[in-house]
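# sequence? don't have it. structure:
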C-alpha cells in the first residue's frame, strides 16, 4: 500500500486474484474509478465481492433475490444502456446511469431475469439531484413542490436535462405506485431532490429494460455491509416511496449474503473486509436454555463445536446436522431463531467473520457464567 496505507500500489493488490480480470476489463472499457485502489473503494468492493462467483453462486444470489434461474452469465460490471434509451447523455454531459453490477439469468421456462445492483461501502447517502443543486436551474420552484419531479415532470429541470434535452425517467415510472415519504424522512419539496435521485435512475432503468423487452423481470437491489445502517436507512426511505410491480422489484442484498456464495465461502473476502462485515452464529440450546453447541458458516459450509464426545453430545450434534445440512445459512439463522422445537432451541448471535465455532461457544459460555 501507499499514501499511509490508504491506497494499494497496483490493481493486482487492490483486487482479489479472482477479481483482477474483471478489474482489468473494466479499466480497458474506461470505467475504472479514479480511486479504485483506495482501501474503501466501493468499486473494488463490488469487484471483489461479485467477480469470484461461479455459476452456482450467481444462481444462489438470484434465489435470495426471489428468482430461480437455470442458465446464468458471469457478473458484468459498470453496465450502462449503450442505446441511451433514458436519453441522459447530452452536449452538456455524456453521463448515463451506470449500474455497479449486472446479473443475468434465464429460467427453465425461458424467462430472462436481470438484477441491477448498486454497491456501497462507505458512502453515507446516494447521489442527490444535480438539477436541484444547479445554479442554472430555471424552475427552482418546482423543486419546492411535493411529488415525483415536483409533481410537474414537464417543467422539471432534471427531466429537461438541464436544458439540453428530455430525460425519460418519468415516462418509465408512470405506472409505479408512489407513497409520500414519512414526515421524519421528508425534507420537503420534490421527493427526489436529495438522496433518492440516484436509486430512482436505477429503478427507471429497470422498468425500461422490462418495457423495452430486454428482460422479462428485473430486480433492483442494494448491496452493502449488513451493519452499515446509515446507507440501509437511506435505501429504505427510497423503497418506502416506490412500490414493487409484477415485473420489477426492489430488494436488499447484504454483502455477507453474496460472500457466502463465493466458492471459498467468502473466506478471502472476509479476510480483506472483515472489519466492516457482520456475521451470525447459531447456538444450539437445550430446552432449559443451557448451551449445547455452536455453529458458524466457514469456507463454504457449516461447522460446529460441542464440548466433548460423550454419547449425549454426539446425539445432539447428529440431530443438529439433520436440521442444518444442505440449508442456506441466512435462512437457518432467520428461521431457527424464530422457532422452538420441543427437542431443541436455537438462538442467533452476532460474531466476527473469522470467529470459529469453538471461539463462539467459549465466548457465549463465559458470558453466561
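Great, that's in hand. Just so it is clear, the model here is predicted, and its values are computed rather than measured.

# pLDDT score assigned to the most centrally placed residue in the chain?
Geometric centre of the chain, nearest residue: residue 223, 1.6 Å, by CA atoms, centre = their mean. For residue 223, the model assigns a pLDDT of 98.

# can you give me every residue that contacts it?
46, 49, 100, 101, 117, 118, 119, 120, 253, 254, 255, 258 (CB atoms under 8 Å, 6 or more residues apart in numbering). In this view, the C-beta of every residue, glycine as well, is placed from N, C-alpha and C.

# hmm, the last one is touching residue 48, no?
I take that to be residue 258. No: here residue 258 lies out of contact with residue 48, judged by CB atoms under 8 Å, at a distance of 10.3 Å.

# now the closest residue to residue 41 other than its chain neighbours: phi and psi?
Closest residue in space to residue 41, ignoring its immediate chain neighbours: residue 35 at 5.5 Å, by CB to CB, 6 or more residues apart in numbering. Dihedral pair for residue 35: phi -110, psi 30, per degrees, to the nearest 10.

# residue 35: neighbour count?
Residues contacting residue 35 under the criterion other CB atoms under 10 Å number 15.

# how close does it sit to residue 230?
According to CB to CB, to the nearest Å, residue 35 stands 20 Å off from residue 230.

# residue 311 now?
50 Å.

# so which of those two has more stuff around it?
Higher neighbour count among residue 311 and residue 230: residue 230, with 13 against 7, using other CB under 10 Å.

# which SSE is the more buried one in?
Assessed by DSSP states H and E, residue 230 sits inside helix 229-239.

# who does the closest residue to residue 320 other than its chain neighbours bridge with?
Leaving aside its sequence neighbours, residue 320 sits nearest to residue 284 (CB to CB, 6+ apart; 5.1 Å). Taking DSSP bridges as the rule, residue 284 bridges to residue 293, residue 346.

# correct me, but residue 284 touches residue 294?
Yes: with contacts defined as CB under 8 Å, residue 284 counts as touching residue 294 at a distance of 6.9 Å.

# return every residue with contacts to both of these two.
Joint contacts of residue 284 and residue 294 (CB under 8 Å, 6+ apart) are residue 304.

# more crowded one of the two?
Neighbour totals were compared for residue 284 and residue 294, and residue 294 leads with 28 against 24 (other CB under 10 Å).

# nearest spatial neighbour of the more buried one, chain-adjacent residues omitted?
Distances taken as CB to CB, 6+ apart put residue 361 closest to residue 294, at 4.0 Å, once the chain neighbours are dropped.

# what about the residue nearest to the centre of the chain, distance to residue 242?
Taken as CB to CB, the span from residue 223 to residue 242 is 18 Å.

# try residue 348
From residue 348 to residue 242 the distance is 31 Å (CB to CB).

# higher neighbour count, those two?
Applying other CB under 10 Å to residue 348 and residue 242 shows that residue 242 carries more neighbours, namely 22 against 16.

# phi and psi next, for the more buried one.
phi -110, psi 130.

# over to residue 79?
With angles defined as degrees, to the nearest 10, residue 79 sits at phi -70, psi 140.

# what is the neighbour count of it?
By other CB under 10 Å, neighbour count at residue 79 equals 20.

# also residue 315?
By other CB under 10 Å, the residues close to residue 315 number 10.

# which SS class is it?
Secondary structure for residue 315, judged by DSSP: H, G, I helix; E, B strand; the rest coil, is helix.

# ok, now how distant is it from residue 322?
For residue 315, the distance to residue 322 - CB to CB - is 11 Å.

# show me where pLDDT drops low in the stretch 201-350 of the chain?
Within the stretch 201-350 of the chain, the set of residues satisfying pLDDT under 70 comprises 309, 339-344.
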